[in-house]
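*Asks:* need a 3D model of the sequence below.
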Amino acid sequence: MGDSRPVLILHDMKLISPTQCSTPRKTTRCPKRAKYKQFVSGPIPLEWLSRAAHLSDKSLHVGIALWYMRYLTNSKTVKLSKKTLEIFDISRWTVRRALNLMKAGGLVAVDSHTGRSPLVTIIDNEDIENPVQRCRSLLEGE
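*Replies:* Numbers count the residues shown, from 1 in each chain. Purely as a prediction, here's the structure:
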């Protein structure tokens, strides 16, 4: 019976250096990070976001849109334009309801006029009570 295994003949092989290779070695590179064109920058106070989230789900969405515009304009007072609302997929009626809730909650001040985009001032000062301080005061019985 014949053996069908391949046979390696060593006297035909040569040892060559990497510089003599005809094909250049490929270096492996880390994949490039995706470059985001738009992002929300902070810091955004956690208490502010928490209070907005407790008002309604859409209040949090509107709040994030407000902080996005604050980053772009570098101002506490921002204009919620149609383009901004399209980016976040929020209707103007939803914005109106959310802004009214946020205004009542003390998170924003709103200057609205018929036929214009509302001018919203974000209230983010230390007047908003810190949740850690609130828990401490409850535990200490103050």
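*Asks:* all contacts plus neighbour counts: C-alpha atoms, from now on.
*Replies:* Will do.
*Asks:* export the helix ranked longest in the chain as PDB, just CAs?
*Replies:* The single longest helix within the chain, with elements called by DSSP state H, is helix 57-73. The C-alpha trace of helix 57-73 is given here as PDB (Å, rounded to 0.1, in the frame of the first residue of the first chain):
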ATOM      1  CA  ASP A  57     -39.700  61.300  29.200                       C
ATOM      2  CA  LYS A  58     -39.900  64.000  26.600                       C
ATOM      3  CA  SER A  59     -38.700  66.700  29.000                       C
ATOM      4  CA  LEU A  60     -35.400  64.800  29.200                       C
ATOM      5  CA  HIS A  61     -35.200  64.800  25.400                       C
ATOM      6  CA  VAL A  62     -35.900  68.500  25.300                       C
ATOM      7  CA  GLY A  63     -33.300  69.100  28.100                       C
ATOM      8  CA  ILE A  64     -30.600  67.300  26.100                       C
ATOM      9  CA  ALA A  65     -31.500  69.400  23.000                       C
ATOM     10  CA  LEU A  66     -31.200  72.500  25.200                       C
ATOM     11  CA  TRP A  67     -27.700  71.500  26.500                       C
ATOM     12  CA  TYR A  68     -26.700  70.600  22.900                       C
ATOM     13  CA  MET A  69     -27.600  74.100  21.800                       C
ATOM     14  CA  ARG A  70     -26.000  75.600  24.900                       C
ATOM     15  CA  TYR A  71     -22.700  73.900  23.800                       C
ATOM     16  CA  LEU A  72     -23.000  75.200  20.300                       C
ATOM     17  CA  THR A  73     -23.900  78.800  21.200                       C
END
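*Asks:* and the closest residue to residue 59 other than its chain neighbours, which of the three is it?
*Replies:* Closest residue to residue 59 apart from its sequence neighbours, by C-alpha to C-alpha, 6 or more residues apart in numbering: residue 98 at 4.8 Å. With DSSP: H, G, I helix; E, B strand; the rest coil as the basis, residue 98 sits in helix.
*Asks:* okay, now residue 98: neighbour count?
*Replies:* Burial of residue 98 is recorded as 22 neighbouring residues (other C-alpha atoms under 10 Å).
*Asks:* ok so, going back, how about the helix or strand following the longest helix of the chain: buried residues?
*Replies:* Counting by DSSP states H and E, the element after helix 57-73 in chain order, helix or strand, is strand 77-79. Residues of strand 77-79 classed as buried by neighbour count (16 or more other C-alpha atoms under 10 Å): 77, 78, 79.
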